[in-house]
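**Student:** Turn this into a model:
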Amino acid sequence: MYVKEYSKWQNYKKLDKELKKELMLMSDKDIIESFSQNLEFGTGGLRGIMGPGTNRVNVYTIRKATLGFANYLINANKTKGVAISYDNRKNSKEFAHEAAKVLTSKNIKTYLFESLRPTPMLSYAVRHFGLSGGIMITASHNPKEYNGYKAYNHLGGQLTLDEADEVIEHVNKVEDIFEDFKMNNSLLNIVDESFDNIYLNEVKKISIKDTKKEPTILFSPLHGTGGQVIPKLLKKEGYNIKVVDEQMNPDPNFSKAKSSNPEEEEAFEMSYLYAETVKPDLILLTDPDADRLGASVLHDGTYQMLNGNQIAVIMVNYILENFKYIDKEGFVYKTIVTTNLIDEIVNSYQHVNLKETLTGFKFIAEEAEKIKDSHIFLFGCEESYGYLKSSFVRDKDAVQAAYLLSEIQGYLKDNDRTMVDYLNSIYKKYGYYYEHTESIVLKGLDGKEKIDNIMKHFRENPLNIKNFTVVTFEDYLNSVKTTNNKTEKLDFEKSNVLKFYNESGEWITLRPSGTEPKIKIYFSVKDINLNSAKEKALFLLDEIMNVVNNL
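**Tutor:** Predicted coordinates:
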């Protein structure tokens, strides 16, 4: 099968010249990896390594995905138009324009961003212009070799599971991936820089308190889209904002950043060099499409990087401390792999409700729509550095998060406190929670098989390690929850996730990534202090890795 596909690409006379060159240099292993299967259009779109082949991201697989999406919209009579944005990655602008060609040639009105802009702006554009869908060309925080495609519905959220299934069906029906398309300029609308202010005016509304705005904030977009809007927002709002100059330019090679992922400490390396001179109170980093936000804060003369759970906890606590109930109760949302410390905080307030969702912000977006008339959306978060304060956007929003965290920093500085002081006061009140996520990268077809085997093992042989006695086991793929041999149905959509609880409510979760070649193992524990909790989590990590490595 893959030999036939490889030959078809070799013989296509109009093949992109760069792809043609790569095609000629492929090893036998490369050919198998690139042509033995089709790049899967999943529930959130597609993501993969760029290059020639049916299992790679290239102009032809982008066309195929867009044609399937277009046919879905036409079939469902969702014909109000589609917005398209893109990030700084190699070919992102080209892929965005190819998607626009497909849509306009299918008589679908298209709103194409003139230059790279963040994912949350794409989400808002769908809502603002009253469109039927959206496309974001990005691979989020993946390495530079990757690119991808996120598909959005009319509400500005990523496709629901049912919608995604329908789109996948249409994508799979596309037979000729080499079909050429011409732009219908009469249906093309360019979204220019003037849209920035429309979006940023909505962001400003999330402000909770007036502060003196005395802190110095150092920002880097890591060569991505955040640099287009965040510095001008914070500067206009009166913050002393400094930027990491070398990382401000859009660069597909991320040449001045050791990592494009603000979840990783090495992404902060150049920011820390700047901090020696600038002395910022707060360092903020966004990933390439500016839906994730990382932070490091000054405390006792040194910088402490906060993890995604800690940032979420700080935001939730600040929001709820200032929430005034009038006639509508509020809702906070978190995913099933996000810290239980949020549960503790929310449960201490009247008129505030908490709901868990599956991993993926699309599920939080769906919940936001359900309560839009009956309740107040207070906050949504996931441990992987995704936050949303206001649901005028229906995806995680690092611009909102940067603005809110800057305000919190200002409030704390006005009161001679650091963000670490604030976090410690939360721990002291509710308990010392510690979370750790271990990502096991397993690339290629062999890696996928290993990931499947790990999940199969723990599904059939529930966790049995030292110092962690399982009392409850949740299998989200089979929608069952078992507690002391009693089984009940899980009220969630099906997902390939396994979660094990001990009698103290601590948990260990296993989940293959939906967008990267890795399996993630999550740990959440609680102890008498943070160091003890950390030691406990790392001990459990060693225990479970011994099992994984022996499979």
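**Student:** you'd agree residue 358 is up against residue 493?
**Tutor:** Yes. Using CB atoms under 8 Å, residue 358 makes contact with residue 493 at a distance of 6.1 Å. (Glycine included, C-beta is placed from N, CA and C.)
**Student:** Count the neighbours of residue 424 for me.
**Tutor:** By the criterion of other CB atoms under 10 Å, residue 424 has 15 neighbours.
**Student:** Could I get the CA-only coordinates of the helix or strand hosting it as CSV?
**Tutor:** Element membership for residue 424 (DSSP states H and E) is helix 419-430. Only the C-alpha atoms of helix 419-430 are listed here, as CSV (Å, rounded to 0.1, in the frame of the first residue of the first chain):
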residue,chain,number,x,y,z
MET,A,419,3.0,35.5,44.2
VAL,A,420,4.8,32.7,46.1
ASP,A,421,3.6,34.3,49.4
TYR,A,422,0.1,34.2,48.0
LEU,A,423,0.4,30.6,46.9
ASN,A,424,1.8,29.6,50.3
SER,A,425,-1.2,31.2,52.1
ILE,A,426,-3.5,29.1,49.9
TYR,A,427,-1.6,25.9,50.8
LYS,A,428,-1.7,26.8,54.5
LYS,A,429,-5.5,27.3,54.3
TYR,A,430,-6.4,24.3,52.1
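**Student:** okay, the angle between the helix or strand following it and helix 419-430?
**Tutor:** Downstream of helix 419-430, the first helix or strand assigned by DSSP H and E is strand 432-441. Here the directions of strand 432-441 and helix 419-430 differ by 110 degrees (axes from the mean of the first three to the mean of the last three CA atoms, to 10 degrees).
**Student:** who does strand 432-441 touch, helix- and strand-wise?
**Tutor:** Other elements packing on strand 432-441 under the criterion 3 or more CB pairs under 8 Å, 6 or more residues apart in numbering; DSSP states H and E are strand 518-527, helix 530-549.
**Student:** Okay, now the sheet partners of it, with direction.
**Tutor:** strand 518-527 (antiparallel) (DSSP bridges).
**Student:** Tell me how far the strand it pairs with lies from the chain's centre.
**Tutor:** Relative to the centre of its chain, strand 518-527 is centred 18 Å away, using CA atoms, centre = their mean, to the nearest Å.
**Student:** Do a quick rundown of the strands in the stretch 251-400 of the chain.
**Tutor:** 282-286, 293-299, 302-306, 330-335, 352-357, 376-382, 386-388 (DSSP state E, counting those that start in this stretch).
**Student:** want to throw these into a markdown table with distance to residue 484, mean pLDDT and mean neighbour count?
**Tutor:** As requested, those are exported to a markdown table (distance: least, CB to CB, whole Å; pLDDT from 0 to 100; neighbours: other CB atoms under 10 Å):
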| stretch | distance to residue 484 | mean pLDDT | mean neighbour count |
| --- | --- | --- | --- |
| strand 282-286 | 44 | 98 | 28 |
| strand 293-299 | 40 | 98 | 24 |
| strand 302-306 | 37 | 98 | 16 |
| strand 330-335 | 26 | 98 | 23 |
| strand 352-357 | 22 | 98 | 18 |
| strand 376-382 | 30 | 98 | 24 |
| strand 386-388 | 34 | 98 | 27 |
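**Student:** JSON lines please, covering those strands and showing distance to residue 228.
**Tutor:** JSON lines is the format used below for the strands of the stretch 251-400 of the chain (distance: least, CB to CB, whole Å):
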{"stretch": "strand 282-286", "distance to residue 228": "10"}
{"stretch": "strand 293-299", "distance to residue 228": "15"}
{"stretch": "strand 302-306", "distance to residue 228": "24"}
{"stretch": "strand 330-335", "distance to residue 228": "28"}
{"stretch": "strand 352-357", "distance to residue 228": "30"}
{"stretch": "strand 376-382", "distance to residue 228": "24"}
{"stretch": "strand 386-388", "distance to residue 228": "19"}
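**Student:** Alright, calling it a day.
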